[in-house]
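Q: Here is the input, now give the coordinates:
(chains A, B, C, D, E and F)
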There are 6 protein chains.
Amino acid sequence: MPLTHFNAAGEAHMVDVGDKVVSQRQAVCEGYIEMQPDTLALIMAGTHKKGDVLGIARIAGIMASKKTADLIPLCHPLPISHVELSLQTQTDLNRVYCQTTVKTTGQTGVEMEALTATQIALLTIYDMCKAVDRGMTIQGVRLLEKSGGKSGHWQRDSA
Amino acid sequence: MPLTHFNAAGEAHMVDVGDKVVSQRQAVCEGYIEMQPDTLALIMAGTHKKGDVLGIARIAGIMASKKTADLIPLCHPLPISHVELSLQTQTDLNRVYCQTTVKTTGQTGVEMEALTATQIALLTIYDMCKAVDRGMTIQGVRLLEKSGGKSGHWQRDSA
Amino acid sequence: MPLTHFNAAGEAHMVDVGDKVVSQRQAVCEGYIEMQPDTLALIMAGTHKKGDVLGIARIAGIMASKKTADLIPLCHPLPISHVELSLQTQTDLNRVYCQTTVKTTGQTGVEMEALTATQIALLTIYDMCKAVDRGMTIQGVRLLEKSGGKSGHWQRDSA
Amino acid sequence: MPLTHFNAAGEAHMVDVGDKVVSQRQAVCEGYIEMQPDTLALIMAGTHKKGDVLGIARIAGIMASKKTADLIPLCHPLPISHVELSLQTQTDLNRVYCQTTVKTTGQTGVEMEALTATQIALLTIYDMCKAVDRGMTIQGVRLLEKSGGKSGHWQRDSA
Amino acid sequence: MPLTHFNAAGEAHMVDVGDKVVSQRQAVCEGYIEMQPDTLALIMAGTHKKGDVLGIARIAGIMASKKTADLIPLCHPLPISHVELSLQTQTDLNRVYCQTTVKTTGQTGVEMEALTATQIALLTIYDMCKAVDRGMTIQGVRLLEKSGGKSGHWQRDSA
Amino acid sequence: MPLTHFNAAGEAHMVDVGDKVVSQRQAVCEGYIEMQPDTLALIMAGTHKKGDVLGIARIAGIMASKKTADLIPLCHPLPISHVELSLQTQTDLNRVYCQTTVKTTGQTGVEMEALTATQIALLTIYDMCKAVDRGMTIQGVRLLEKSGGKSGHWQRDSA
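A: Just a heads-up that it's a prediction; the model follows:
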């Protein structure tokens, strides 16, 4: 069984990370939510004045990153040291794009924290706009880059 | 401002649903996670014996549905009466597909609960397999159907 | 012992509300945070453009109202149907004033939810500005009005 | 598969209770923690003056009952209407005995809420006394009686 | 934008503390709740025998300190190493006064943990006495002193 | 007052562990749930195919270990580095036996985390089987061994 979240008997456990080195670790991930052009226009109208959908989604994402170990059964609790979500409206693609960076100084990586923050930020946009556009779709939620720890640096091919 | 999560001043609020009818409401949504064929093979090897990735993802999704109002800032807390996640391995598409049904008897719908359960179930699959496949991508998370409440029945076009 | 949160033996319990009528209930409360004029100016500069302290405080207050039963030991869990926080900068008084309204359709009142939302909104302002003004003080957190339930309408004397 | 928490495919789900009648439901359960006589004496010395171990355990139990659906994966969230824990020191048996009553008006029973409150109250006693008695043992945590709902009244044989 | 909780674009983020020194940090804060003399008398009657309002408020405050990062959106999660709440009845001032000390060994301070504990302890007193005194008011919640970290020692002027 | 969770005045506090050494710590505990032979047979039928009661209980236990500081009032929050639950069906004794190991690298021990995981795993078994066997009883929840920290190694006598 090469999946480390299971022991030799195939039973789930929280992997022992007690002997892993404490190091600075970072993960960057992305995702987006596709919507009707009118919905995107509504969001853009709100960003700089009132009805700040993206500002609320950003806060929801940051708060969700802190709940990752509560949500993902075998995740280790981690002292997150930095969370940043960049939300961009992309009118040519009819979507809001989210890129999230999370850092920690700890014994395991923060990919799950970055992905969870991204997912919940995009879901919050869905929630706030669903009365006008039920068909919005969340797409492309994935890791872009990670660094720190024994496995070292990983970066998605840009192809 | 046609987005109901903002008041006339453009400030976010939790919408007043006190006068909405208590009715049976249901939402069905879907999503999937794409991966390497070898990763999917590992998951399939585990499903019926040991290393049950999908069984754990299903539990994570059910538990997450109960945390929706904690995660999505303007969501109303709801007494969920039913949650069901169907997770299917699709070898021709190199992915695990998730379809989630949530029901309540309440004053607001359960789209957010169904979407949250789907997202966290897919993230849990990512977590358990990330050591062998960092590039997995979550796609197509969206509502399929909802019923109940004043807005009535909504179904995604199958085109 | 006239305090209902204790039984005849003086032991704490969660009061039995099973025979109380389900009715629409509302609570309104207020509070404010005093600060240096320069701090208030910083907040005001941010409200309409970027660095939106009050928008974030408002979201924190709404989310906190949903955690009230988690925080206050003997509080009953309640299906909140509406939360609204109004945050006003008052330059003549060097403070941000918060007024919160919470509604439910349930068997107990929502004073605690309104007070908790107010406290956490004001604490969030403290958090965001503490690097420039450690001396900020939270004052006057109190109930203004409540309605619904057997005890009926209560309103603070305006004197 | 006669266990209702699994569907026909043997997959876990949150059972659909949407068609069950809303009724007043009650559960009573018990449990105890055995300890050294000296430990029990310490607890008894504290109860009426200071170092109130049992008062804190009672609060922990009440608060835990509200977290039951968070802890037990397939439990439905429930609006608890009453929680009462009676904690008795029994010197002849070298133990603290706990009896817990929980009520709701809802679509499912509250056995899990009563058992969870009992367990966490007893664990809290363990926590507070573990520095002087590591060997304390929690025993006999079980349902005594339940009423309400379609399955009606159930009572443990007193034999 | 001199408020560090916003980046150069004015968007909220969780500040990067990854390069800050891990040091022992402490915060002390205070606050009080004003009430009718009869309400204070009820609390005082309970303190030493039964109906222990202050004992429950103290526990609520300690537990709330551990939820600070859950409540305050941009707060870092912290490993709290000590929490102490002193609650004093002050009959000449018709109030209960609370002073809270929190310590950590970490990369950020614990002002927010100390303030949150104080607020929730005072709110718990409100909850337990509100049936006899709806007009109670929470006042003067503020930092008294902090130490540790780069910003060093800070103490409120006693004037 | 020899109970360290109270200060000199007999008031509860979260003990100051700021000066304790950070070391690897481990706790092992056990417990079991007694049931009807038919109930145990149902669980055993499910373990290797579908209706995986023990797999779900294991996940519930792991997740509960991460909530320990939320549930036990005076517990310090801890960065858990490992959790493992072994659940065995014992037909001769009509019970499911649970042994749990938890590790951390921190300033306090993890007995409470191991006990909480055990309790919630056993409660989850109760929840999933209660429709066929209301009389199941949780027994013998206790510490077997602990190591690390100033108090050193402790092991239960096997007598």
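Q: okay, the angle between the longest helix seen in chain A and helix B:111-129?
A: Using DSSP state H to define each element, chain A has its longest helix at helix A:111-129. Counting by axes from the mean of the first three to the mean of the last three Cα atoms, to 10 degrees, helix A:111-129 lies at 170 degrees to helix B:111-129.
Q: Quick one: name whatever helix or strand follows helix A:111-129.
A: strand A:137-147 (DSSP states H and E).
Q: Buried residues in that next one, which are they?
A: Residues A:137-147 are the ones in strand A:137-147 that count as buried (16 or more other Cβ atoms under 10 Å in any protein chain shown). (C-beta placed from N, C-alpha, C; glycine too.)
Q: Touching, A:Thr104 and A:Arg25? I think so.
A: Yes: the criterion here is Cβ atoms under 8 Å, and A:Thr104 meets it with A:Arg25 at 5.3 Å.
Q: any common contacting residues for the two?
A: By Cβ atoms under 8 Å, 6 or more residues apart in numbering or on different chains, A:Thr104 and A:Arg25 have these common neighbours: A:Val110.
Q: Looking at chain A, what residue ends up closest to chain D?
A: A:Asp70 (8.7 Å; Cβ to the nearest Cβ).
Q: if I pick that residue, what's in contact with it?
A: A:Asp70 neighbours (Cβ under 8 Å, 6+ apart): B:67, F:63, F:66-67.
Q: 10 Å instead, please
A: Residues in contact with A:Asp70 (Cβ atoms under 10 Å, 6 or more residues apart in numbering or on different chains) are A:64, A:77, A:116, B:63-64, B:67, B:70-71, D:70, E:70, F:63, F:66-67, F:70.
Q: Helix or strand: which one has it?
A: Per DSSP H and E: helix A:68-71 holds A:Asp70.
Q: Point to the helix or strand of chain A where mean pLDDT is at its lowest.
A: helix A:37-47 (a mean of 90; mean pLDDT, DSSP states H and E).
Q: now the angle from that helix to helix A:111-129?
A: Going by the same axes, to 10 degrees, helix A:37-47 makes 100 degrees with helix A:111-129.
Q: got the angle between the next helix or strand after helix A:37-47 and helix C:53-65?
A: Next along the chain after helix A:37-47, taking DSSP H and E as the criterion, comes helix A:53-65. Orientation check (the same axes, to 10 degrees): helix A:53-65 against helix C:53-65 gives 50 degrees.
Q: Can you see whether helix A:53-65 contacts chain E, counting any residue in it?
A: Yes: judged by Cβ under 10 Å from any Cβ of the partner chain, helix A:53-65 comes into contact with chain E at A:54-55, A:58-60, A:62-63, A:65.
Q: if we can go back for a sec, and the gap between the residue of chain A closest to chain D and D:Gln26?
A: A:Asp70 sits 30 Å away from D:Gln26, going by Cβ to Cβ, to the nearest Å.
Q: I'd like the distance from the least confident helix or strand of chain A to the chain centre, please.
A: Centre-to-centre, helix A:37-47 and its host chain are 22 Å apart (Cα atoms, centre = their mean, to the nearest Å).
Q: Okay, buried residues for that helix please.
A: Applying 16+ other Cβ under 10 Å to helix A:37-47 flags A:39-40, A:42-43, A:45-46 as buried.
Q: mean confidence score for stretch A:21-33?
A: Taken as a whole, stretch A:21-33 carries a mean pLDDT of 95.
Q: got the buried residues for that stretch?
A: A:25-33.
Q: quick check, that stretch touching chain B?
A: Yes: using Cβ under 10 Å from any Cβ, stretch A:21-33 reaches chain B at A:27, A:30-31, A:33.
Q: Look at the residue of chain A most remote from its centre and give its secondary structure.
A: In chain A, the residue that sits farthest from the middle, by Cα atoms, centre = their mean, is A:Ala9; the gap is 31.8 Å. Under DSSP: H, G, I helix; E, B strand; the rest coil, A:Ala9 falls in the coil class.
Q: Surely it is in contact with F:Gly55?
A: No: if you go by Cβ atoms under 10 Å, A:Ala9 and F:Gly55 don't touch, sitting 11.5 Å apart.
Q: A:Gln88 sits in which helix or strand?
A: Judged by DSSP H and E, A:Gln88 forms part of strand A:80-90.
Q: from the chain's centre, how far out does that strand sit?
A: That offset, for strand A:80-90, works out to 9 Å (Cα atoms, centre = their mean).
Q: And for stretch A:17-30?
A: The mean C-alpha position of stretch A:17-30 is separated from the chain mean by 16 Å, Cα atoms, centre = their mean.
Q: Now render the residues of helix A:53-65 next to chain E as a markdown table, adding distance to chain D and pLDDT.
A: Output for those, formatted as a markdown table (distance: Cβ to the nearest Cβ, whole Å; pLDDT from 0 to 100):
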| residue | distance to chain D | pLDDT |
| --- | --- | --- |
| A:Leu54 | 30 | 95 |
| A:Gly55 | 29 | 94 |
| A:Arg58 | 26 | 97 |
| A:Ile59 | 22 | 97 |
| A:Ala60 | 19 | 98 |
| A:Ile62 | 22 | 98 |
| A:Met63 | 17 | 98 |
| A:Ser65 | 19 | 98 |
